[in-house]
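[1] Predicted structure and sequence below. I'll ask about it afterward.
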Amino acid sequence: MFKLIFSLILVFTIDASAAKKVPCKTLLQNTVQVGLSNYQLIGGLTLKYYLYKIESRIRKDAANNSQLILLPELTSLDLVDFTDEVNIVSQLDKIAKFATPKIVRHIKNLAKELNVYIILGGTPRSVDNKIYNSAVMAMPNGHVEYQEKIYLTPAEKSWSWTGGDKLKVFSTPLGKIVVLICYDSEFPSLSALLSAEMPDIILVPSMTDAPGFTRVRWSAQARAIEHKAFVIMNGVYSTDIPGWDLSAQAAVLSPADSQFEGIMAEGENYLTYILPLEQLRESRQLNEPYPAADETSLNKSVQVERVT
């Protein structure tokens, strides 16, 4: 199949105030195929082998005609020697400062070569002497953008990482794309910020344990319903690292209305799915529940009344 992907992208940034509106005349695609591969964390890998490991997944997805490839959160922790528990934080610091720039350069080159969008769902990244958990979006035109994880887990706080303060909306030929890294998907406040932006695709990469996966899974479903959007999940799992019992399942979620049933596809290891973007846009014009649009248009001021 011949693939043509226009590489124009506009980035809206949302903070506590409203997003700045930028006119977009991008020609939108009617469909897009997404590629998802769950990632098994082993630990102790060399950078060379880690890059081979993620590249093999990316090339497999691209060969199967996927145009949007989502890798899970914190796959770069495969570089950590988990038997050296005392020095895990210093190992993470080294990944942020030395390995991540090489990883970003590698997926940037792959995105350009293969003419695909690649999202690395999170890696420790050093910026101005602070370490963020940053998702990396590499685009077909060679451009790279970052989305920092905003709300940190207790583990990330114990590693002295810093949370981000901006939520980006990427306006692309695939539609408007947002990345909510794992725990960020669980916060209604972030979802409320997106109500006026009408994202088409919400990416939720994760690395978490079984209870965490349940939280992320159903929070992601809520985001799909609120925004009448497709939500794409992909995660890291592990079975042989003491203290790192991680759970994951790839999923493509949708709104629940007359056009979609809520769950489009789920899989344990490898999953591809063609998103009907035009059908999604048309469904938003129907006289059916659309919570994010109603929240924006009605602009209701609701107060809590405490009753004793």
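    On my side now, so go ahead. Note that the structure is predicted; figures quoted are calculated from it, not measured. Residues are numbered from 1 along each chain as shown.

[2] Would you map the helices across this protein?
    Under the criterion DSSP state H, the chain contains helices at 47-63, 88-94, 100-114, 154-158, 188-193, 210-227, 277-283, 291-298.

[3] quick one: low-confidence parts of this structure?
    Within the chain, the segments meeting pLDDT under 70 span 1-26.

[4] Spatially central residue in it, please.
    Closest to where the C-alpha atoms of the chain average out (C-alpha atoms, centre = their mean) is residue 203, at 3.4 Å.

[5] can you tell which of the helices of the chain is closest to residue 38?
    With C-beta to C-beta, the closest approach to residue 38 among the helices of the chain belongs to helix 47-63: 9.7 Å. Quick note: C-beta positions are derived from backbone N, CA and C, even for glycine.

[6] mind listing what's buried in that closest one?
    47, 50, 51, 54, 57, 58, 61, 62 (16 or more other C-beta atoms under 10 Å).

[7] Tell me the gap between stretch 259-268 and the middle of its chain.
    17 Å (C-alpha atoms, centre = their mean, to the nearest Å).

[8] Buried residues, that stretch. List them.
    Residues of stretch 259-268 classed as buried by neighbour count (16+ other C-beta under 10 Å): 259, 260, 264, 265, 267.

[9] any idea how far the third one is from residue 213?
    What that stands for is residue 264. Using C-beta to C-beta, to the nearest Å, residue 264 is found at 18 Å from residue 213.

[10] Output the buried residues of stretch 259-268 in TSV, with distance to residue 245 appended to each entry.
    Shown next, in TSV, are those (distance: C-beta to C-beta, whole Å):
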residue	distance to residue 245
259	38
260	33
264	28
265	25
267	20
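
[11] so residue 194 sits right up against residue 167, yeah?
    Yes: the criterion here is C-beta atoms under 8 Å, and residue 194 meets it with residue 167 at 7.2 Å.

[12] what about residue 202, neighbour count?
    The number of residues packed near residue 202 is 24, by other C-beta atoms under 10 Å.

[13] Help me confirm that it comes into contact with residue 224.
    Yes: using C-beta under 8 Å, residue 202 makes contact with residue 224 at a distance of 7.3 Å.

[14] shared neighbours of those two, which are they?
    Jointly contacting residue 202 and residue 224 under the rule C-beta atoms under 8 Å, 6 or more residues apart in numbering are 230, 231.

[15] Include distance to residue 178 when you put the helices of the chain into TSV, please.
    Shown next, in TSV, are the helices of the chain (distance: least, C-beta to C-beta, whole Å):
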stretch	distance to residue 178
helix 47-63	21
helix 88-94	26
helix 100-114	19
helix 154-158	20
helix 188-193	9
helix 210-227	9
helix 277-283	14
helix 291-298	12
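
[16] Residue 271 is nearest to which of those?
    helix 47-63 (9.9 Å).

[17] Among the helices of the chain, which comes closest to residue 239?
    Among the helices of the chain, the nearest to residue 239 by C-beta to C-beta is helix 210-227 (12.0 Å).

[18] For the closest one, give me every contacting residue.
    With contact meaning C-beta under 8 Å, 6+ apart, helix 210-227 is reached by 180, 182-183, 185-186, 191, 194-195, 198-199, 202, 204, 206, 208, 229-231, 233, 235, 245, 247-249, 251, 253-256, 262-263, 291-292.

[19] hang on, isn't residue 208 packed against residue 247?
    Yes: with contacts counted by C-beta under 8 Å, residue 208 reaches residue 247, the gap being 6.9 Å.

[20] Residues that sit against both of the two, list them.
    By the contact definition C-beta under 8 Å, 6+ apart, residue 208 and residue 247 are jointly contacted by residue 235.
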